[in-house]
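Visitor: Build the 3D model from these lines:
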Amino acid sequence: MCDYSLHAVASRPAKVGESLVSTSFCGTSTRGFAANDEPAVAVCLLPGTELGFEQDVRYNRNWLLTKSAGFRVAQFCVIKPKPPEQHRDALQFPDGTIVLVNLLSEGQHAQVLQLPAIRLEKKIGARAERAPVYTADQDNRVEVEPTQQTS
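Guide: Below is the predicted model of the structure:
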């Protein structure tokens, strides 16, 4: 997470085990997550981050009604909305339901259970060469002492 409308809000990446709260950020119309001790700093989640909530997650169906997702665990994901300038940060629940983070009711407490595994790729500029293997009689750089036989 750090949805498009949070570019003007201070942010930092999430850490495993930290406690977060769903909140609105001053000066934006966007909801997201902040640490309990840093309410003005958006905590950015990577797709695949797993969250555990204190209670079943609640979200706004419209201006007056809220609905329960029926789950206390969710995985952060990013959707491709139409039109593209709409919110894209979302939570996916075990039953496959996807709810935009921007629709979450404020004040819900969650803990970061797990961050996604990130594949590290190292680019190697030159291909490693295999060292040739020679036997002693094939390589003139190696001198082999004759074995001494004892009788």
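
Visitor: which residues of this structure fall in strands?
Guide: 11-13, 19-24, 31-35, 38-44, 50-53, 58-60, 66-68, 73-78, 89-92, 98-100, 109-114 (DSSP state E).

Visitor: Ok, which of those strands comes nearest Leu120?
Guide: Closest approach to Leu120 among those (CB to CB): strand 11-13, 16.1 Å. For glycine as for every other residue, the C-beta is placed from the backbone atoms N, C-alpha and C.

Visitor: where's the closest one relative to the chain centroid, distance-wise?
Guide: In terms of CA atoms, centre = their mean, to the nearest Å, the centre of strand 11-13 is set 12 Å apart from its chain centre.

Visitor: What sits closest to the spatially most central residue of the chain if chain neighbours are left out?
Guide: Nearest residue to the geometric centre of the chain (CA atoms, centre = their mean): Leu46, 2.7 Å. Excluding its sequence neighbours, the residue lying closest to Leu46 (CB to CB, 6 or more residues apart in numbering) is Pro116, at 5.4 Å.
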